[in-house]
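S.K.: Quick one, fold the following:
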Amino acid sequence: MSIGFWQIAIVVILVVLLFGRGKISDLMGDVAKGIKSFKKGMSDNQENTKKEDIEDKNNSNNSNNT
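M.R.: Have a look, this model is predicted:
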């Protein structure tokens, strides 16, 4: 048994009737903010990791020179 187009359409119509367009758009806005925040956190983490790698290389080079 597969989900057909009409079944999806009925579910979408029911969700819109139950929650209203305003609440759904607010919810989607919150989801978008969460995704942006997640991406920002991931990029910040990568930048911090790169900085730590550079510092570790500098520290290991300094300890080898002494």
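
S.K.: measure the residue most central in space within the chain to Val15 for me?
M.R.: Residue closest to the average C-alpha location in the chain (CA atoms, centre = their mean): Ile35, at 3.3 Å. Counting by CB to CB, to the nearest Å, the gap from Ile35 to Val15 is 20 Å. Where you see a C-beta, it was placed from the backbone N, CA and C, and this is true even at glycine.

S.K.: likewise Ile3?
M.R.: 15 Å.

S.K.: So the two - more neighbours on which side?
M.R.: More crowded of Ile3 and Val15, by other CB atoms under 10 Å: Val15, with 12 against 8.

S.K.: Apart from its chain neighbours, what residue comes closest to that one?
M.R.: Ile24 (7.2 Å; CB to CB, 6 or more residues apart in numbering).

S.K.: Touching, the one you found and Val12? I think so.
M.R.: No - at 10.0 Å, Ile24 does not count as touching Val12 under the criterion of CB atoms under 8 Å.

S.K.: So for these two, which residue has more residues nearby?
M.R.: Ile24 (14 against 11).

S.K.: Let me know the helix or strand that that one is in.
M.R.: helix 5-65 (DSSP states H and E).

S.K.: Repeat that for Ser2.
M.R.: Under the criterion DSSP H and E, no helix or strand holds Ser2.

S.K.: Could you measure from it over to Leu18?
M.R.: 25 Å.

S.K.: More neighbours: the two, which one.
M.R.: Ranked by neighbour count (other CB under 10 Å), Ser2 and Leu18 place Leu18 first, with 9 against 4.

S.K.: quick one: low-confidence ranges for this protein?
M.R.: The chain contains residues with pLDDT under 70 at 1, 61-66.

S.K.: If we use 80, what do you get?
M.R.: 1, 45-66 (pLDDT under 80).

S.K.: and Asp44, how many neighbours?
M.R.: 10.

S.K.: How much space separates it from Phe19?
M.R.: 34 Å.
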